[in-house]
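A.B. asks: structural data only, the sequence is not supplied:
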RNA sequence: GGCGGCGUAGCCAAGUGGUAAGGCAGCGGAUUGCAAAUCCGUCAUUCAGCGGUUCGACCCCGCUCGCCGCCUCCA
């Protein structure tokens, strides 16, 4: 399996430190609002990574943090904690707010079909680990204390900049660097910040009441659950610098070992070419999209672009994904309930084999989900073609099996249950029989009126070559 | 100013040295009582532009134009 490693920038064969174990750490959300499409793209991409690693035989441990310590809205000491700020607006406790949006986040991810991480550690629950890391860095001389805050000394870590390609000397000119009081060097970053009066989210530490710096939680939690060297660390492209660069520096300075073997970064969702982001106000939440589109449509929409490419959001694109998704649903419906046991024909056997090969080849090549989706639609066309001709249960059963294998298990594209409400299926079957009887009696006006009524109620009529009619949910 | 990325049909989007996947939309046809669904055919002599390397380039190199990200919390 080839992956593009941000560290070095090259495509490399993925090899974990201790096969068959593979540790994956992905930067999770800061829970102070509903998730938007950008979160959906990022976590769906990593979901396919984790599923594919597992399918490839690795024993994966997937850790994704929940950031419930808000950090600051800006770099100055006067900046507010994002969680605390939103909690004040919603008039709830900060932790109440975090809990609310953590639940909202999981709800959206579940809808998208993303498998839950094996561990979802909360930053607020790992303060002792973070303090320990700071103490370690102080002892090693990579950090220093100033007025109750502790800063990491960038100068003390020669490898700083290797991940993002930034040369430390370049970091000063041009960039807006706050001359925070106490910092010896503007490039230094906070490991621990002293809490100013009014700051609610704070903890006792050897340096007084305060809270952890921006990058510390990921280092502490990744190393706690995945060891000092993590196989894969993923996140959004915008986190390469300074977040991951700093994370890498403080972790490697503390342990003296390589922190991450493979850094993976996914690209942004854009709107009209501009990044979709919380602070820009141009975001669309997943819940908003789900009110108009099946979450699986959104998943397909996301997987049709590569994780390292930007995805420009348009309503037309989503609509096109919807049409495509309905073809998949229709095919799966056609082959459902086929008795197993009968032998499939040669054509379906080879189509199923090509599907498997196509998806495998695509995912092994740096998680080329658009390529995998292309294979899936080639299969859709071939399978429909075979099913249009007289064929046996063996063909139908094999097509169902093929769709339920890699497309559903690895890409996560799984049509929902036909009907959640009991009795509806029987009702639809009865209506289908009624239409069949009308058409046989040449009562076309009545039959068409029934079709119009059902259509208005959200159901489609499918007349089959054998004269039977089926009614399906649109 | 520094670092990085992108520009492929009407729209979306793979390919990254051997002669342009796939989806949506459109058009023609098969099928149908009419539809829907499905299938078949069609849809880029060309990959932002200009040079160069090569037997051969969308793919490598150079330049130009356009767009974007990061350098401040952000998936």
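C.D. replies: Yes, it's here. Please read these numbers as outputs of a predicted model, since none were measured by experiment.

A.B. asks: for residue A:474, see how far away the nearest residue to residue A:272 once chain neighbours are set aside is.
C.D. replies: Excluding its sequence neighbours, the residue lying closest to residue A:272 (Cβ to Cβ, 6 or more residues apart in numbering) is residue A:312, at 7.5 Å. All C-beta spots, glycine's among them, are computed from the backbone N, C-alpha and C. Look at residue A:312 and residue A:474: by Cβ to Cβ, to the nearest Å, they are 28 Å apart.

A.B. asks: more neighbours, the two?
C.D. replies: residue A:312 (15 against 9; other Cβ atoms under 10 Å).

A.B. asks: my guess is residue A:212 meets residue A:195, correct?
C.D. replies: No: look at residue A:212 against residue A:195 with Cβ atoms under 8 Å: they stay out of range, at 11.1 Å.

A.B. asks: more neighbours, the two?
C.D. replies: residue A:212 (28 against 18).

A.B. asks: tell me how far the more buried one lies from RNA strand B.
C.D. replies: 12 Å (Cβ to the nearest atom of the strand, to the nearest Å).

A.B. asks: now residue A:424
C.D. replies: Taking Cβ to the nearest atom of the strand, one finds residue A:424 at 19 Å from RNA strand B.

A.B. asks: swap in residue A:185?
C.D. replies: Going from residue A:185 to RNA strand B by Cβ to the nearest atom of the strand gives 13 Å.

A.B. asks: now that residue: which helix or strand?
C.D. replies: Secondary structure assignment for residue A:185, by DSSP states H and E: no helix or strand.

A.B. asks: I figured it was touching residue A:152, is that so?
C.D. replies: No: look at residue A:185 against residue A:152 with Cβ under 8 Å: they stay out of range, at 10.0 Å.

A.B. asks: looking at the two, which is more packed in?
C.D. replies: Neighbours were counted for residue A:185 and for residue A:152 using other Cβ under 10 Å; residue A:152 has more, 28 against 16.

A.B. asks: enumerate every residue touching the more buried one.
C.D. replies: Under the criterion of Cβ atoms under 8 Å, 6 or more residues apart in numbering, the neighbours of residue A:152 are A:137, A:142-143, A:188-191, A:246, A:249-250, A:253.

A.B. asks: for RNA strand B, tell me which of those show up nearby.
C.D. replies: Among those, none lies close to RNA strand B by the criterion of Cβ under 7 Å from any atom of the strand.

A.B. asks: widest-spaced pair of the residues you listed?
C.D. replies: A:190 and A:253 (15.0 Å; Cβ to Cβ).

A.B. asks: compare those two (neighbour count), which wins?
C.D. replies: Set side by side, residue A:190 and residue A:253 show more neighbours around residue A:190, with 27 against 24, by other Cβ under 10 Å.

A.B. asks: count of neighbours near residue A:17?
C.D. replies: 15.

A.B. asks: count of residues packed around the closest residue to it other than its chain neighbours?
C.D. replies: Spatially, and ignoring its direct neighbours in sequence, residue A:17 is nearest to residue A:229 (5.4 Å; Cβ to Cβ, 6+ apart). Counted with other Cβ under 10 Å, the neighbours of residue A:229 add up to 19.

A.B. asks: can I assume residue A:229 is in contact with residue A:256?
C.D. replies: No: at 11.1 Å, residue A:229 does not count as touching residue A:256 under the criterion of Cβ under 8 Å.

A.B. asks: got the residue ranges for the strands in the stretch 251-400 of chain A?
C.D. replies: A:260-266, A:269-271, A:274-275, A:311-312 (DSSP state E, counting those that start in this stretch).

A.B. asks: any idea which of those is most buried?
C.D. replies: Highest mean neighbour count of the strands of the stretch 251-400 of chain A: strand A:260-266, a mean of 23 (counted as mean count of other Cβ atoms under 10 Å).
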